[in-house]
Every structure is written in C-alpha cells, then in structure tokens.
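J.: here is a sequence together with a model predicted from it:
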Amino acid sequence: MADIGRRGLRAESSVHYEADISSILEALNKMDRIAEPVLQEAANLIVQAGRELLESEFQYAIDQQNQISFPPEFAEHVMEVVSQAPFVKHVSAKSFEIGFDFNELGTVKELRRAFHQGARTADGDVIDGPYEGEELAEPDAETRHLFWEAMATGKSKAPHPHDPAKSIRIPEGAWEETKAKYIDIWGDKAPQWLYLQFGQRRWEPTIQPTNIIEGFTESFNQIASEIFYETVNAAVEEAQNNIFTAPTEHGRRLTSSISELGPSGKPRQAGQFYPKFKGR
C-alpha cells in the first residue's frame, strides 16, 4: 500500500469535553442529592452519543471513497475498531471530562507494519508478516507500485519495470490474500483510518481526504454540552420537586430534612409546612 499523502502532516488527535461543575454541585448538594451518580449518568450518555457520532463520521468518509482505493475489507475493519473505540472518562467531585484520542485507532507506525507484505527483500526472502524496515529488492517506490496497482485493480499481470516486452504474473487471489494479511497484522487497530483523514494522492487509485477529526470535534463538543446540561438540569429540577409534597393553594409541606436553612434560620425539618412563596 502506498504511503500516506501529505507526508509528515499531523493534526491534533485528542478531543476533550470539560464542564465546570462547581455551581452544579452546589445546587445538588443543597438538596441533599449525591452529585456523582448524576454526573456519571451524563458521562455515560455522552460516551454513547460520542461513539454513535464517531461511527457516523467514519461511515460518511468511507462512503466518499472508491472501493478499489479503499476496499470493503478495510472499511469493515475500520468500522469494527471504531465501534469499540475507547473513550476516557474523568468524573469526580471536582472535575468532569470526557476524552477521545484518535491515536487509539492506530498510528502511522502501525500502518507501516503492513507495508510491502509479500514483497521480496534484498537478501531474497519474501516478507510474510509485519514489515520491520527490511531492505527491499526493489528500492524505488514508483517501480514497486506498478505491481501493487495492477494487483489491486484485479489484473493477472503487471508490467515489468525494466523490460517493456516482459510482464510479471500476479497469482490468482493475491490481492485478497494481501488484504487479509494486512488486517491480520493490524489486529485490533485500524491505522488505515489515516488514509480517510489525510487522503492518498500520490498514487492511483487515490483516496479522498475527509475531515473526520475536525468534524467529530465540533459536533462532539456541541452534543456533549447539550447532553450534560439537559441531564444535570433534569436532576436539579427533580431534586427541587422532591423537597416538598404536592403544592396546595396555601403552600407546601417538606417531606424530608435538608441542610438548607429555613426562614427561622434553622435547618428545615421533615413535616414543616411553608406557606406559598416565590419559587416554591
């Protein structure tokens, strides 16, 4: 497989959503609510939405590609890894943070481990397994690509790079075996996602770049913020409603003791009745 186009380009790969929970904790604690379960619920909902969003972004990127340049086997492998992508949660009484690092899907180093699978090395061996930088029999990348392009497009022969009158036979099923070997080498990583992000324009067939990181980051922060405040606000509203019994035209009766001070300056006790007043 050809090297990634735009060689050396690196993008910020970590995505984080953080929320200021100081005022929220104060609101919940005043009503004797344990804040951590509420925050954990919000975190779980955000992770679930984040994973669904991530799958959607990758599916869109895959749909933009030609199946020759980005084969279905690679697409299925990417989606399988993405569906189990690890989101990191840091939730405590002092912080709320949800993070995702695209490097967890695979890095350039891991991508290169599958390069030149089946190629002949300078000492005459054939690479069968992860490529670890062995010297190749054919050092020129453009010359090597003639064979890989012919194989990927389903041809039975590749042009001989040094003799136009000759050709190199491609064994039947060579490309299917090569793709399977790539995926086996990558294992539980899917570093080919880098092609979807940055593209591959040096060789034919090319791969179109899509802004997965950028698109996910923008949408994730927006969705995470909405989920966080909807979940917490619902908990605060529920807690407020549970402090008192159903209201009457005259007021409400407290169902349980709370640390909040009442009009008398003392903590409010269960059973106390409070006349109607603004906000209650």
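T.: Now that the structure is in, tell me what you want to look at.

J.: ok, and what's touching stretch 219-229?
T.: Under the contact criterion CB atoms under 8 Å, 6 or more residues apart in numbering, stretch 219-229 has outside partners 15, 17, 19, 42, 45-46, 49-50, 53, 57, 96, 98, 100. All C-beta atoms are positioned from the backbone trio N, CA, C, and that covers glycine.

J.: where is pLDDT lowest across these?
T.: Lowest pLDDT among the contacts of stretch 219-229: residue 19, with 86.

J.: hang on, it packs against residue 96?
T.: Yes - the pair residue 19 / residue 96 is scored as a contact, 4.5 Å apart, by CB atoms under 8 Å.

J.: buried stuff in whatever helix or strand residue 77 lives in?
T.: Assigned by DSSP states H and E, residue 77 belongs to helix 72-82. Residues of helix 72-82 classed as buried by neighbour count (16 or more other CB atoms under 10 Å): 74, 75, 77, 78, 81, 82.

J.: residues making contact with that helix?
T.: By CB under 8 Å, 6+ apart, helix 72-82 touches 54-55, 58-59, 62, 65, 105-106, 179-180, 182-183, 186, 188-190, 192-193, 196.

J.: re earlier: out of residue 19 and residue 96, which sits in the busier spot?
T.: Remark: of residue 19 and residue 96, residue 96 carries more neighbours, 25 against 20, as counted by other CB atoms under 10 Å.

J.: tell me the SS of residue 182?
T.: helix (DSSP: H, G, I helix; E, B strand; the rest coil).

J.: now do the contacts for it.
T.: 1, 74, 114, 117, 192.

J.: and it, how far is that from residue 112?
T.: Residue 182 sits 11 Å away from residue 112, going by CB to CB, to the nearest Å.

J.: ok, now residue 156?
T.: Taking CB to CB, one finds residue 156 at 28 Å from residue 112.

J.: of those two, who's got more company?
T.: residue 112 (17 against 12).

J.: leaving out sequence neighbours, find the closest residue to the more buried one.
T.: residue 131 (6.6 Å; CB to CB, 6 or more residues apart in numbering).

J.: contact partners for that neighbour?
T.: 112, 113, 114, 115, 116, 117.

J.: one more pass at 10 Å, please.
T.: 112, 113, 114, 115, 116, 117, 119, 121, 185 (CB atoms under 10 Å, 6 or more residues apart in numbering).

J.: repeat for residue 167
T.: Taking CB under 10 Å, 6+ apart, one finds 150, 155, 156, 157, 158, 159, 160 in contact with residue 167.

J.: what's the answer for residue 66, then?
T.: Here residue 66 is in contact with 205, 206, 207, 208 (CB under 10 Å, 6+ apart).
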